[in-house]
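> give me a 3D structure for the following:
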Amino acid sequence: MNFTTGCIFEYDNEHSLGSSIGFKEEDKPNFIGSFYSKTKAMVDELLREYENVCTLRVRMPISSDLNNPHNFITKISRYSKVVNIPNNKTVLDELLPISIEELVTNVWFHRPNYFFFKTQQRVMSFPPS
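Predicted structure coming up:
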């Protein structure tokens, strides 16, 4: 299981802001504007060669630990100005236990979006927190 970032994609002509057209795992990364994003894109390319890797893209991580400086809620509360651009958030308190359970109970083969589909079904069945 590869926990990585979604910061390797940016809006473009095919995926414009407000179009609701998202990127797929097969799409080539189009943002290499930082060393971080460039190295993440390179690792993604290398891992595509393996059929047993499940890639999980963590975006703007949120956890119940509001004292953690990496928590998105903690970070954004300290910003003097924020932009209004839609983006995904990852609730770590939900993702991590499900990821561990899936890792232990399943053998992973390359099936794009399979994990997300099955996990989304399970998460949506939980009562709201």
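> tell me, how many neighbours does L96 end up with?
As a burial measure, the neighbour count of L96 was computed by other C-beta atoms under 10 Å and equals 15. Any C-beta I mention is one placed from the backbone N, CA and C, and that applies to glycine too.
> where's it, which helix or strand?
For L96, the element it lies in under DSSP states H and E is helix 92-105.
> residue contacts, Y36?
By C-beta atoms under 8 Å, 6 or more residues apart in numbering, the contact list for Y36 reads T5, C7.
> which element is it on?
Remark: Y36 resides in helix 35-47, with elements defined by DSSP H and E.
> from the chain's centroid, how far away is that helix?
Chain-centre distance of helix 35-47: 14 Å, with C-alpha atoms, centre = their mean, to the nearest Å.
> could I get that helix in PDB with only the CA atoms?
What follows is the C-alpha trace of helix 35-47 in PDB, where atoms were taken according to Å, rounded to 0.1, in the frame of the first residue of the first chain:
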ATOM      1  CA  PHE A  35      10.500  19.300  -5.800                       C
ATOM      2  CA  TYR A  36       7.900  17.400  -3.600                       C
ATOM      3  CA  SER A  37       5.400  16.900  -6.400                       C
ATOM      4  CA  LYS A  38       8.100  16.000  -8.900                       C
ATOM      5  CA  THR A  39       9.600  13.300  -6.700                       C
ATOM      6  CA  LYS A  40       6.100  11.900  -5.900                       C
ATOM      7  CA  ALA A  41       5.300  11.700  -9.600                       C
ATOM      8  CA  MET A  42       8.500   9.900 -10.200                       C
ATOM      9  CA  VAL A  43       7.800   7.300  -7.500                       C
ATOM     10  CA  ASP A  44       4.300   6.900  -8.900                       C
ATOM     11  CA  GLU A  45       5.700   6.100 -12.300                       C
ATOM     12  CA  LEU A  46       8.100   3.500 -10.800                       C
ATOM     13  CA  LEU A  47       5.300   1.800  -8.800                       C
END
